[in-house]
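Trainee: Task: produce atomic coordinates for the following.
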Amino acid sequence: MKDNLALKFRPQKIDEVCGQEHLCSKDAPFRKLLEKRAISHSIFFGPAGVGKTTLAKIVSTRMELPFYEMDATNLKVEEIRKILKNHKNSLSKPLIFIDEVHRLLKTQQEVLLVPMEKREAIIIGASTENPYFTLSSGIRSRSMLFEFYPLENSDLEKVIDRVMKKIDFSINSDAKEYLISSSSGDVRSLLNLLEYALKIDSHVELQTLKSLRPQALKDGVSSNSTHYELTSALIKSIRGSDVDAGLYYLARLIDGGESADFIARRLVILSSEDIGNANPNALNLANSCLQSVSKIGFPEARIILAQTVIYLASSPKSNSSYKAINEAQNYLKESKNLKIPKHLTKSGANLYKYPHDFGGFVEQRYLEKEEIFYKSQDIGFEKTLNEWLEKIKGKVK
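Mentor: Numbers count the residues shown, from 1 in each chain. Below you'll find the predicted structure:
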């Protein structure tokens with residue numbers, strides 16, 4: 001068998017796509033836009049092997065647009081400019097598909113902004129990373145964002161049945177179960193494994209599959225439920241000051257293929273939300289962790305992440321800052337905006353009392369009326385901050 005199964009059985013029409021019902025069902029907004037040939041710049045993001053490239057090709061076919069496929073890892077700006085130039089006077093604009101779009105450099109992303117704005121081409125990017133973290137605001141604001149989900153086992157079973165209708169082969173029930181479960185929602189992986197198994201024998205057995213793939217693909221990033229549950233367990237363990245549980249869930253995320261950047265970003269958020277000024281250095285360490293792992297990567301990044309997890313779990317906890325900003329934002333929703341006191345405005349600058357002229361502090365109103373949003377829990381370094389405020393305002397002699 002010489003055919004590449006992943007290519008041979010790639011869906012040609014949207015009705016042939018397995019899974020992604022939220023995009024491909026008859027009532028799905030994406031499908032309605034496609035039927036009206038109204039798809040514009042888009043970012044397809046989700047796990048590998050779930051149909052992002054396939055759907056981009058279907059868009060190209062349905063909208064009768066020339067299709068250009070590129071990979072961000074070796075993309076040259078001159079290639080895009082050449083495509084745009086060749087279609088400058090064409091009635092049909094090109095559809096430029098960029099795989100791994102999150103790997104584009106900032107300067108490469110900026111090159112796309114003008115042709116996207118002028119609609120000189122339709123740009124569709126595919127990414128396994130969350131575009132909110134990996135793409136510039138300029139790209140995001142010009143694009144529709146469509147998330148792709150891991151395929152269910154039932155979806156993969158339909159793919160196998162479809163192949164069996166075209167190719168004469170047989171497969172044991174336990175082999176079929178392993179073929180599906182070990183692919184972890186990745187149809188490309190399933191078809192590639194099946195292809196090589198069929199090169200060996202037209203009857204597929206479990207032993208053959210395990211010899212080609214000894215272990216199942218990790219499901220850290222290919223299963224939404226696992227992804228979110230592990231992340232949640234990591235955060236809650238650190239919040240609960242359980243160092244060992246934090247390290248365990250960190251190891252699970254790393255072993256499952258989660259990106260170091262994603263984990264570090266979550267730790268930065270936690271350091272402010274759950275520790276805050278109880279230990280201000282937690283934010284510094286978490287931010288240093290984020291900067292470090294983005295440049296170093298695995299496997300060494302695991303050490304930096306572990307150090308940060310241990311430090312955060314061991315730190316005193318306070319959500320005072322988190323609650324304070326929530327209080328302030330809720331006040332804005334429920335109340336009229338307070339007027340800025342005249343002495344704080346440019347026109348009333350002559351009325352403003354410069355604290356440094358009074359030894360560092362002077363009584364004056366900064367809000368139209370007194371409101372209290374911040375309530376210190378007096379935990380860790382928060383206690384020191386309270387003492388500083390009291391001393392600054394002369395409440396402690």
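Trainee: Could you use CA atoms for every contact and neighbour count after this?
Mentor: OK.
Trainee: Now do stretch 312-329: everything it contacts.
Mentor: Applying Cα atoms under 8 Å, 6 or more residues apart in numbering, the external contacts of stretch 312-329 come out as 237-243, 246, 271-279, 282, 373-377, 379-380.
Trainee: how about the CA coordinates for it, as PDB?
Mentor: Output of stretch 312-329 as PDB, limited to C-alpha atoms (Å, rounded to 0.1, in the frame of the first residue of the first chain):
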ATOM      1  CA  LEU A 312       4.900  29.700  45.700                       C
ATOM      2  CA  ALA A 313       3.400  26.800  47.600                       C
ATOM      3  CA  SER A 314       5.700  27.700  50.600                       C
ATOM      4  CA  SER A 315       4.700  31.400  50.600                       C
ATOM      5  CA  PRO A 316       2.100  32.900  52.900                       C
ATOM      6  CA  LYS A 317      -1.200  33.300  51.000                       C
ATOM      7  CA  SER A 318      -3.400  36.400  50.700                       C
ATOM      8  CA  ASN A 319      -6.000  37.300  48.000                       C
ATOM      9  CA  SER A 320      -6.400  40.900  49.300                       C
ATOM     10  CA  SER A 321      -5.200  42.400  46.100                       C
ATOM     11  CA  TYR A 322      -7.500  40.200  44.000                       C
ATOM     12  CA  LYS A 323     -10.500  41.100  46.200                       C
ATOM     13  CA  ALA A 324      -9.600  44.800  46.200                       C
ATOM     14  CA  ILE A 325      -9.600  45.200  42.400                       C
ATOM     15  CA  ASN A 326     -12.800  43.200  42.200                       C
ATOM     16  CA  GLU A 327     -14.400  45.500  44.800                       C
ATOM     17  CA  ALA A 328     -13.300  48.600  42.800                       C
ATOM     18  CA  GLN A 329     -14.600  47.200  39.500                       C
END
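Trainee: Just the buried positions in it, please.
Mentor: By 16 or more other Cα atoms under 10 Å, the buried positions in stretch 312-329 come out as Leu312, Ala313, Ser315, Pro316, Lys317, Ser318, Asn319, Ser320, Ser321, Lys323, Ala324.
Trainee: just how off-centre is that stretch within its chain?
Mentor: For stretch 312-329, the gap between its own C-alpha mean and the chain's C-alpha mean amounts to 24 Å (Cα atoms, centre = their mean, to the nearest Å).
Trainee: residue ranges for the strands of the stretch 101-250 of the chain, please.
Mentor: 122-127, 144-147, 170-171, 203-204 (DSSP state E, counting those that start in this stretch).
Trainee: Show me which of these has the highest average neighbour count.
Mentor: Highest mean neighbour count among these (mean count of other Cα atoms under 10 Å): strand 122-127, with a mean of 25.
Trainee: Does anything pack onto that one? Which helices or strands?
Mentor: Helices and strands touching strand 122-127, by 3 or more Cα pairs under 8 Å, 6 or more residues apart in numbering; DSSP states H and E, are strand 42-45, helix 52-62, strand 95-99.
Trainee: what are the C-alpha coordinates of it, in PDB please?
Mentor: Provided in PDB are the C-alpha atoms of strand 122-127 (Å, rounded to 0.1, in the frame of the first residue of the first chain):
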ATOM      1  CA  ILE A 122      -7.500  35.900   3.300                       C
ATOM      2  CA  ILE A 123      -5.100  34.800   6.000                       C
ATOM      3  CA  ILE A 124      -5.900  31.700   8.000                       C
ATOM      4  CA  GLY A 125      -3.400  30.700  10.700                       C
ATOM      5  CA  ALA A 126      -3.300  27.400  12.500                       C
ATOM      6  CA  SER A 127      -1.900  27.000  16.000                       C
END
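Trainee: returning to that earlier point: now for the buried residues of stretch 312-329: which two are most distant?
Mentor: The most widely separated members of the buried residues of stretch 312-329, counting by Cα to Cα, are Ala313 and Ala324 (22.3 Å).
Trainee: if you skip the residues just before and after it, what's nearest to Gly360?
Mentor: Using Cα to Cα, 6 or more residues apart in numbering and skipping residues adjacent in sequence, the residue nearest Gly360 is Ile392, 7.4 Å away.
Trainee: coming back round to it: let's have the buried residues of stretch 312-329 in CSV, adding distance to Leu344 and pLDDT.
Mentor: CSV is the format used below for the buried residues of stretch 312-329 (distance: Cα to Cα, whole Å; pLDDT from 0 to 100):
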residue, distance to Leu344, pLDDT
Leu312, 39, 96
Ala313, 42, 96
Ser315, 38, 96
Pro316, 37, 95
Lys317, 35, 96
Ser318, 32, 95
Asn319, 30, 94
Ser320, 27, 94
Ser321, 25, 94
Lys323, 26, 94
Ala324, 23, 93
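Trainee: Mind telling me what element Lys323 is part of?
Mentor: Lys323 belongs to helix 320-334 when assigned by DSSP states H and E.
Trainee: Give me the next element, helix or strand, following that helix.
Mentor: Next along from helix 320-334, by DSSP H and E: helix 381-392.
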